[in-house]
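K.L.:
Task: produce atomic coordinates for the following.
(chains A and B)
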Amino acid sequence: MRILFWSHIQNARDSLRSNRGRSTLTMLGITIGVASVTAILALSGGASQIVSNQVDSLGGNIAVVRPGTQPSSNIDRLTQLQSPQQFASSTLTTNDLDSIERIEGVEGVAPLSLLSGAVSGDTTAPAGTTIVATTATLEQVNQLSIQEGQFLEPRITLPAAVIGAQLSIDIFGTEQSIGKTIQLRGEAFTVIGILKRANMPINYNGVDFDRSVIISREDSELIASSAPQIQQINIRSTSVETLAGVIVEINKALLRNHLGEADFVVLSGEEIAQPTSELFAVIAGVTAAIAAISLLVGGIGVMNIMLVNVAERTREIGIRKAVGASNGDIVWQFLIESLALSIGGGVAGYALGYGAAFGLSFLLPFEPLFSLEIAAFAIALSIVVGVIFGLYPAYRAARKDPISALRQYD
Amino acid sequence: MSTAKTPPVIVLSQLYKRFGLGDAEHCAIDGIDLTIKKGEFIAIMGPSGCGKTTLLNILGLLDSDIEGSYELNGVPVATMSRRRQARIRSKQIGFVFQSFNLVSRLTVIENVALPLTYKGLRKVQRLERASDMLKTFHLNEREYYYPHQLSGGQTQRVAIARALVNEPSIILADEPTGNLDSRASHIIMEELSDLHKRGNTIIMVTHNPRLTTYASRVITMIDGTIESDTQKKRRTKKAARKRPLSGKKKLSKKATT
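P.N.:
From the prediction side, this is the model:
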């Protein structure tokens, strides 16, 4: 059986070679289908990895507290996906902040409050520039790196701001803007530090730090009428091991503060990235399904060519049966030929798909994801197509009556 | 005759083969009883459409949609699975066709090696055996030619080499010389009678009466029935044995002239 298998492969190679043009065109159909599916999966995989990679790179000892309850079902989680800015009135209070700080094993706590408002330096900042009100601990909790100057410090009394590198260029035309004055809602703030470019527009904070202004909570009262709403609290535990215990303690403390109402969620690790990852996964799934239609068309092409092959080689089938081929042998011969077409197309499509994904990634803020799953999926997909669309022609070939097959002249 | 002692290879009893339905029904084989022993060289004669080729296809297990019984080496064919029939075609039966039936996109040696594929031999072994077989037919210089590059006689020799490469016990030849000139025919027939001498059972369909001189037994068919059988006559009706024999003599005389 094994030897027969090899001779079927040799036979398929010979027969596909003898019709080089036809085989190539047929493979092209599969190639396009597999390429589009691969490209979509690679890019969406890359996109959803961004957030989880960030969480991983922070060291696995990060937890975040967000106001409101986490939707229970997956569909709700997707349709209710909102950025933290949109939680207008937060349930988190400064009281909660203090409670968390007192928990043992907590290394740092940083609240995030997002304010909207006009930002201008020499020129007005582009729309969507966010003002983040926080505490000095954010630097350590989020591991922000400073390119120049310094981060916020409690002892700085005059209104101070740390700005992102891109924002600096946007409003001052240079990254060297230490000491310059920016206007936040008309109030003057002095730039004391520039953040190093992180190039992570999508992250779990919902803030692109490259394009935002960071001010202290005290200073934020200058531009807002009251203490700003806390939209997220980032917590860093002393070690990865203590994180689980810390999360339990946070839950207890906050429940106490909130009089038993669970109007907040404490998330860690993968959970932080989950809503974003799931959204990407669903979008990728839907687009990949649409791309799979081209694969279907390619498969029909394979079936068509295989039917032509069978018709052309009717006499050969008769001869093979007369010299001792069983129906099974004939089925395998043609099935392996269609598999050769589809797998050949699939491998080419996988390569082409990654080429396309890399080309597109120059226009996108993320890299395509390389994974064994995608490679396996692309190959499995082409095998499935080869079998599904090769089975019927192979079956037709095997069912041919050897006597009438031999009578057909070529 | 020595054939009387050896066991029968093929036993047909009350064999019918029908084509068509209702008004159009037509019996290509209309009740044949036939016993073929090992080592016989049988020539089946008869006009076109008398059922010779149909009979040969049935004997070669290419057509199993039959009525009546066919026992091959003592096993009723009706009880065999299709897979088993294919295995018997592969191991025990060699076909030679009038139109050669070589695979045009394969070389001579690949064509000869084709039956060995289904026997499960490795490629190198297949090609070695095919090459040896071609050598006995003096075609070893044509191994890598394609069938269309050969003359008719050479092509038929390749086809015979292919039929023999599996060392089958039964060789079924359907007008093996039908497309050949008399010189090439003579060579092919010499090859076949050589095979017969080596102990193979050969069943040949022909409508060239001259070729019956090579056969050990001549069966004449008409309208799906056996009209005459040299052996049967000889055994059952001693008195009447002269008629077919004298006929054969006449034919052989013709052949020599």
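K.L.:
how about residue 105, what does it touch?
P.N.:
Picked chain A for this. The neighbours of A:Gly105, taking CB atoms under 8 Å, 6 or more residues apart in numbering or on different chains as the test, are A:237-239, A:242-243, A:245-246, A:249. For glycine as for every other residue, the C-beta is placed from the backbone atoms N, C-alpha and C.
K.L.:
Oops, wrong one, chain B.
P.N.:
Residues in contact with B:Arg105 (CB under 8 Å, 6+ apart) are A:14-15, A:18, A:316, B:146.
K.L.:
most neighbours, which of those residues?
P.N.:
Of the contacts of B:Arg105, A:Glu316 is surrounded by the most neighbours, 26 neighbours in total, counting by other CB atoms under 10 Å in any protein chain shown.
K.L.:
Can you name the residues of chain A that neighbour chain B?
P.N.:
For chain A, the contact set with chain B under CB under 8 Å from any CB of the partner chain comprises A:1, A:3-4, A:6-7, A:10, A:14-15, A:18, A:315-316, A:318-329, A:402-403, A:406, A:409-410.
K.L.:
switch the cut-off to 10 Å
P.N.:
Counting by CB under 10 Å from any CB of the partner chain, the residues of chain A close to chain B are A:1-4, A:6-8, A:10-11, A:14-15, A:18-19, A:312-313, A:315-316, A:318-330, A:333, A:398, A:401-403, A:405-407, A:409-410.
K.L.:
what's near enough to touch the closest residue to A:Ala288 other than its chain neighbours?
P.N.:
In this structure, A:Ala288 finds its nearest non-sequential neighbour in A:Ile40, 4.8 Å apart by CB to CB, 6 or more residues apart in numbering or on different chains. By CB atoms under 10 Å, 6 or more residues apart in numbering or on different chains, A:Ile40 lies in contact with A:283-292, A:353, A:356-357, A:368, A:374.
K.L.:
Which of the residues of chain A next to chain B fall within strands?
P.N.:
The strands, defined by DSSP state E, take in nothing from the residues of chain A next to chain B.
K.L.:
wait, isn't A:Met303 in contact with A:Ser338?
P.N.:
Yes - with contact defined as CB atoms under 10 Å, A:Met303 reaches A:Ser338; the gap is 7.7 Å.
K.L.:
Now the common contact residues for these two.
P.N.:
With CB under 10 Å, 6+ apart as the test, A:Met303 and A:Ser338 both reach A:26, A:385, A:388-393.
K.L.:
ok so, going back, which of the contacts of A:Gly105 are buried? Put it as a ChimeraX command.
P.N.:
The ChimeraX selection below is limited to those of these classed as buried (16 or more other CB atoms under 10 Å in any protein chain shown):
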select /A:237,242,243,246,249
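K.L.:
which bits of the stretch 151-257 of chain B sit near chain A?
P.N.:
B:159, B:162-163, B:165-166, B:168, B:172, B:174.
K.L.:
Counting neighbours, which of those residues comes out on top?
P.N.:
Top of those by neighbour number is B:Arg162, holding 29 neighbours under the definition other CB under 10 Å.
K.L.:
Give me the below-cutoff pLDDT ranges for the chain.
P.N.:
I went with chain A, as the question did not name one. Where chain A drops to pLDDT under 70, the residues are A:1-3, A:51, A:54-55, A:57-59, A:69-89, A:202, A:270, A:273-277, A:409-410.
K.L.:
please go with chain B instead
P.N.:
Applying pLDDT under 70 to chain B flags residues B:1-6, B:232-257.
K.L.:
Could you pull out the helices in the chain for me?
P.N.:
Unless you meant another one, I'm taking chain A. Ranges of helices in chain A, per DSSP state H, are A:2-18, A:20-57, A:74-79, A:94-102, A:138-141, A:165-172, A:217-223, A:240-257, A:270-312, A:314-322, A:327-361, A:372-399, A:402-407.
K.L.:
right idea, wrong chain: chain B
P.N.:
All helices of chain B, identified by DSSP H, fall at B:52-59, B:82-92, B:108-117, B:123-136, B:152-164, B:182-197, B:230-236, B:242-256.
K.L.:
Just put those in TSV and tack on distance to B:Glu67.
P.N.:
Formatted as TSV, those follow (distance: least, CB to CB, whole Å):
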stretch	distance to B:Glu67
helix B:52-59	11
helix B:82-92	17
helix B:108-117	30
helix B:123-136	38
helix B:152-164	28
helix B:182-197	31
helix B:230-236	22
helix B:242-256	29
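K.L.:
Pick the most deeply packed of those helices.
P.N.:
Ranked by mean neighbour count, the helices of chain B are led by helix B:108-117 with a mean of 26 (mean count of other CB atoms under 10 Å in any protein chain shown).
K.L.:
what's it packed up against?
P.N.:
Contact here means 3 or more CB pairs under 10 Å, 6 or more residues apart in numbering or on different chains; DSSP states H and E; on that basis helix B:108-117 packs against helix A:2-18, helix A:314-322, helix B:82-92, strand B:93-96, helix B:123-136, helix B:152-164.
K.L.:
A:Leu296 is nearest to which of the ones you listed?
P.N.:
For the helices and strands packed on helix B:108-117, the distance to A:Leu296 is smallest for helix A:2-18, at 21.7 Å, taking CB to CB.
K.L.:
what is the orientation angle of that closest one with helix B:123-136?
P.N.:
Helix A:2-18 runs at 80 degrees relative to helix B:123-136, counting by axes from the mean of the first three to the mean of the last three CA atoms, to 10 degrees.
K.L.:
can you pull the buried residues of helix A:2-18?
P.N.:
Under the neighbour-count criterion of 16+ other CB under 10 Å, helix A:2-18 has A:3-4, A:7-8, A:11-12, A:15-16 buried.
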